[in-house]
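*Asks:* sequence and predicted structure below; questions after.
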There are 2 protein chains.
Amino acid sequence: MEEKMSLRDLAEKLNVSTSTISRVINDKPGVGDKTRQRVIEALQIYNITSNSSARSLKTSKTGNIALISKRREDKYITSDHHHPFGPFIESELRKYGYHTIAMSLGDEEMENAGKLLMIKENRVDGFIINGPSIPAKFIMALKNTGLPVVLFGNQMTQVDIDSIVYHDRSGAYKATKHLIEHGHKNILFLSGPRGWYTCDERKTGYTEALIESGLQERITYMTDTTIESGKTFFKESIENVYPEITAVICTNDATAIGVLDEVRCLGLKVPDDIAVIGFDDIPWASLSYPPLTTIHVFIEEMGKITVNRIIDLLKNPELHPITTFAATELVIRKSCGC
Amino acid sequence: MEEKMSLRDLAEKLNVSTSTISRVINDKPGVGDKTRQRVIEALQIYNITSNSSARSLKTSKTGNIALISKRREDKYITSDHHHPFGPFIESELRKYGYHTIAMSLGDEEMENAGKLLMIKENRVDGFIINGPSIPAKFIMALKNTGLPVVLFGNQMTQVDIDSIVYHDRSGAYKATKHLIEHGHKNILFLSGPRGWYTCDERKTGYTEALIESGLQERITYMTDTTIESGKTFFKESIENVYPEITAVICTNDATAIGVLDEVRCLGLKVPDDIAVIGFDDIPWASLSYPPLTTIHVFIEEMGKITVNRIIDLLKNPELHPITTFAATELVIRKSCGC
DNA sequence: CTGTTAGCGCGTTCAT
DNA sequence: ATGAACGCGCTAACAG
């Protein structure tokens, strides 16, 4: 319950001015070596740091970054929420002295970005936006604050905004190629809604591989990319649209796990009747039954890249946007039938 | 890219003093009805809120709550991280105007609570601590800041601190009872480390049910409660310690899912050779193979209770600590063999 | 190299 | 009912 000391208290105690202490804390020049040393020691002894509100008020920097994702209901599972992405980002940001304000927003909240307290009250210095299911309008609203914005697993097609994405296209290409090499000819791609960047890219990779082999594409656009949507749309597809399919590539693992379950419900077998490949390699993929063949992404490395980028942007807001593509890896388990 | 207006700017525009605006914003008396109305309208038109840093500096309140959990490595899955607890807490806190600073800390970081910038810099008004695997020493360090602390899924046995827990004991009792009623006599309890509150309680519920039926307890204490530890310790238990067991109750679903997998690896069948029951009913429980019988907890309701409590504490720090027990429900699926 | 001064944007007296 | 003045704790500009 110890009371916090202010820099001024310390200044009195050491018989220096607060400016001197401030200079030491912020690693600024203009302090004699001995004085600096004396201050540093005292700072450690009393475990003092400058008060963040006061510093913010003066510098207009908060030291907080918002990590934004889409709000999901209880049982509503998608991949982007089941990689431990938040913790990676959070701990990495912390290395640079930043804190993470987590926000999962519903559609209504994203409609009116301007009403968000976080924005009105200047509570953050930048935004990291997770996943493809965030409305472009909302992203633009954040961009218009003038603060740095970095997209993860998403990319704007009309506007240049910094983003970090998997190389979705080559990943899906690899998966499709793999199935083709194993003799599959009628392969379904279970996509998310049109316009979700990662889904579109993955679909394109899938199509490229098919065209290369002279095969015909079969695509179902789901309204979401969850276990539930995987179940629903797979059933619909195989029963009413593409009864001839022998393999499915899913736009993410959650969808694939739904398909695994639905195939069982339909009295069919994976991989004998239907081969299934997912995307993302979330932790549960290796524990599904049968274990899911999927495209692995290097989430921790990408988290670091994401943080690096926003830190750079924070230091130099004039930087021009770049997009970083990260390679993926096909992980062969049981669901593809090898 | 619109520049933010300060209250002073607004004051000039309306020909009133900043004090008046401040009073209106904070719902304080001492403003005439018409003036108040005029200010309220202007506030909405210009979408203005007081700057949070300045307010913090003045009031010593940040409007931020820390949500603390234990840091896990990539593939390291435990239940407490796979309920969407964070989003529930976050969105609920936001209803009260609070923001959530998420932190997942490693053991080393918890060793030295005093070194955390969050604390040194006064960045939060209170702490919500998620899960049983947080060192007591760290919890006490947070408590010593004088700020409100609420524990979720954990309880201190030596000290009174506000906490929200499942009724772990009755939950485990129900599960055990269920197995006994189906004829099992040799039932293993796969516990977390001694001293993890929820594990201890669940173990006690298990023991109570056994004693009631004159059965003998068989307990294995794992070093963690993940899928991996479930696999490892189940194998060890059935091969070297309790080869006679026909059923396992796991201290959480992650462990249970590990057991499901290990049983398969051992060439045995769930539930024919080994019945398995988990605890928590995380989203994946219904999708495991076979679907997991488990104890459902009402996570969203509990999230609200947790937030309510910390809000109360924020308003009135003198409140004496209470512990809230939330009921659970046995969800029968396939892994128990009914 | 160091101290003094001013002001960041608010909330809170104390006047009026 | 309203406004003026002050200060929260800090950083930056200016003096010396």
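*Replies:* Good, I have the coordinates.
*Asks:* gap between the residue positioned nearest the centre of chain A and A:Ser163?
*Replies:* Centroid-nearest residue in chain A: A:Asn130, 3.6 Å away (criterion: Cα atoms, centre = their mean). A:Asn130 sits 11 Å away from A:Ser163, taking Cβ to Cβ, to the nearest Å as the criterion. Using the backbone N, CA and C atoms, a C-beta is placed for each residue, glycine as well.
*Asks:* circling back: which ones are touching the residue nearest to the centre of chain A?
*Replies:* A:Asn130 makes contacts with A:Leu67, A:Ile68, A:Ser69, A:Asp80, A:Phe85, A:Gly86, A:Phe152, A:Gly153, as judged by Cβ atoms under 8 Å, 6 or more residues apart in numbering or on different chains.
*Asks:* save the residues you listed as a markdown table, and put in pLDDT too.
*Replies:* Shown next, in a markdown table, are the contacts of A:Asn130 (pLDDT from 0 to 100):
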| residue | pLDDT |
| --- | --- |
| A:Leu67 | 96 |
| A:Ile68 | 95 |
| A:Ser69 | 92 |
| A:Asp80 | 54 |
| A:Phe85 | 80 |
| A:Gly86 | 87 |
| A:Phe152 | 94 |
| A:Gly153 | 89 |
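*Asks:* columns secondary structure on top of those residues, output as JSON lines?
*Replies:* Listed next are those as JSON lines, based on DSSP: H, G, I helix; E, B strand; the rest coil:
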{"residue": "A:Leu67", "secondary structure": "strand"}
{"residue": "A:Ile68", "secondary structure": "strand"}
{"residue": "A:Ser69", "secondary structure": "strand"}
{"residue": "A:Asp80", "secondary structure": "helix"}
{"residue": "A:Phe85", "secondary structure": "helix"}
{"residue": "A:Gly86", "secondary structure": "helix"}
{"residue": "A:Phe152", "secondary structure": "strand"}
{"residue": "A:Gly153", "secondary structure": "coil"}
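*Asks:* using PDB, write out every CA atom in the host helix or strand of A:Phe138.
*Replies:* Here A:Phe138, judged by DSSP states H and E, is contained in helix A:136-143. The C-alpha coordinates for helix A:136-143 follow below in PDB (Å, rounded to 0.1, in the frame of the first residue of the first chain):
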ATOM      1  CA  ALA A 136     -13.600  -1.700 -44.600                       C
ATOM      2  CA  LYS A 137     -15.500   1.300 -43.500                       C
ATOM      3  CA  PHE A 138     -14.400   0.800 -39.900                       C
ATOM      4  CA  ILE A 139     -10.800   0.300 -40.900                       C
ATOM      5  CA  MET A 140     -11.000   3.600 -42.900                       C
ATOM      6  CA  ALA A 141     -12.500   5.400 -39.900                       C
ATOM      7  CA  LEU A 142      -9.500   4.300 -37.800                       C
ATOM      8  CA  LYS A 143      -7.100   5.300 -40.500                       C
END
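*Asks:* shared neighbours, A:Asn130 and A:Ser163?
*Replies:* Joint contacts of A:Asn130 and A:Ser163 (Cβ under 8 Å, 6+ apart) are A:Phe152.
*Asks:* and the strands in the stretch 151-300 of chain A?
*Replies:* Assigned by DSSP state E, counting those that start in this stretch, the strands in the stretch 151-300 of chain A fall at A:163-166, A:187-191, A:218-221, A:247-250, A:275-277, A:294-297.
*Asks:* okay, those strands, which one's buried deepest?
*Replies:* Sort these by mean neighbour count, taking mean count of other Cβ atoms under 10 Å in any protein chain shown, and strand A:247-250 sits at the top with a mean of 30.
*Asks:* report whether that one contacts chain B.
*Replies:* No: Strand A:247-250 lies apart from chain B when judged by Cβ under 8 Å from any Cβ of the partner chain; the minimum separation is 14.3 Å.
*Asks:* mind listing the strands that strand pairs with, and their directions?
*Replies:* Taking DSSP bridges as the criterion, strand A:247-250 sits next to strand A:187-191 (parallel), strand A:275-277 (parallel) in its sheet.
*Asks:* now do the last one, average pLDDT.
*Replies:* Strand A:275-277 shows a mean pLDDT of 98 in the predicted model.
*Asks:* now stretch A:218-231
*Replies:* Mean predicted lDDT for stretch A:218-231 stands at 93.
*Asks:* nearest residue to A:Asn51 other than its sequence neighbours?
*Replies:* Spatial nearest neighbour of A:Asn51, excluding adjacent residues (Cβ to Cβ, 6 or more residues apart in numbering or on different chains): B:Asn122 at 5.8 Å.
*Asks:* so that neighbour, which state does it fall into?
*Replies:* B:Asn122 - assigned by three-state DSSP - is coil.
*Asks:* what's the burial count for it?
*Replies:* Number of residues near B:Asn122 (other Cβ atoms under 10 Å in any protein chain shown) recorded here: 22.
*Asks:* with A:Tyr242 instead?
*Replies:* 16.
*Asks:* tell me who's in contact with it.
*Replies:* Going by Cβ under 8 Å, 6+ apart, A:Tyr242 touches A:Asn186, A:Leu188, A:Arg218, A:Thr220.
*Asks:* quick check: domain ranges of chain A?
*Replies:* Per automatic domain parsing, the structural domains of chain A span A:1-45, A:168-297+A:330-336.
*Asks:* tell me if the first one is near DNA strand C.
*Replies:* Yes: counting by Cβ under 7 Å from any atom of the strand, contacts between domain A:1-45 and DNA strand C involve A:15-20, A:23, A:29-36.
*Asks:* pLDDT weak spots in the stretch 151-300 of chain A?
*Replies:* Within the stretch 151-300 of chain A, the set of residues satisfying pLDDT under 70 is empty.
*Asks:* any idea which residue of it lies closest to DNA strand D?
*Replies:* The nearest approach of the stretch 151-300 of chain A to DNA strand D comes at A:Asp162, 25.4 Å away (Cβ to the nearest atom of the strand).
*Asks:* near DNA strand C, which residues of chain A show up?
*Replies:* Counting by Cβ under 7 Å from any atom of the strand, chain A sits next to DNA strand C at A:15-20, A:23, A:29-36, A:54, A:57-58.
*Asks:* A:Trp196 - how many residues pack around it?
*Replies:* Residues near A:Trp196, counting by other Cβ under 10 Å, number 23.
*Asks:* quick one: contacts for it?
*Replies:* A:Pro132, A:Ser133, A:Thr225.
*Asks:* picking up where we left off before, ok, which of the strands paired with strand A:247-250 comes nearest A:Tyr206?
*Replies:* For A:Tyr206, the closest of the strands paired with strand A:247-250 is strand A:187-191, at 4.6 Å, according to Cβ to Cβ.
*Asks:* for that closest one, C-alpha coordinates in CSV please.
*Replies:* Below are the C-alpha coordinates for strand A:187-191, written out as CSV (Å, rounded to 0.1, in the frame of the first residue of the first chain):
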residue,chain,number,x,y,z
ILE,A,187,-12.5,-30.8,-55.3
LEU,A,188,-14.7,-28.4,-53.5
PHE,A,189,-13.5,-25.1,-52.0
LEU,A,190,-15.4,-23.9,-49.0
SER,A,191,-14.9,-20.2,-49.0
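*Asks:* show me the contact partners of that strand.
*Replies:* By Cβ under 8 Å, 6+ apart, strand A:187-191 touches A:172, A:176, A:179-180, A:199-200, A:202-203, A:206-207, A:210, A:215, A:217-222, A:230, A:233-234, A:237-238, A:242, A:245-251, A:255, A:259.
*Asks:* right, I'll call it a day here.
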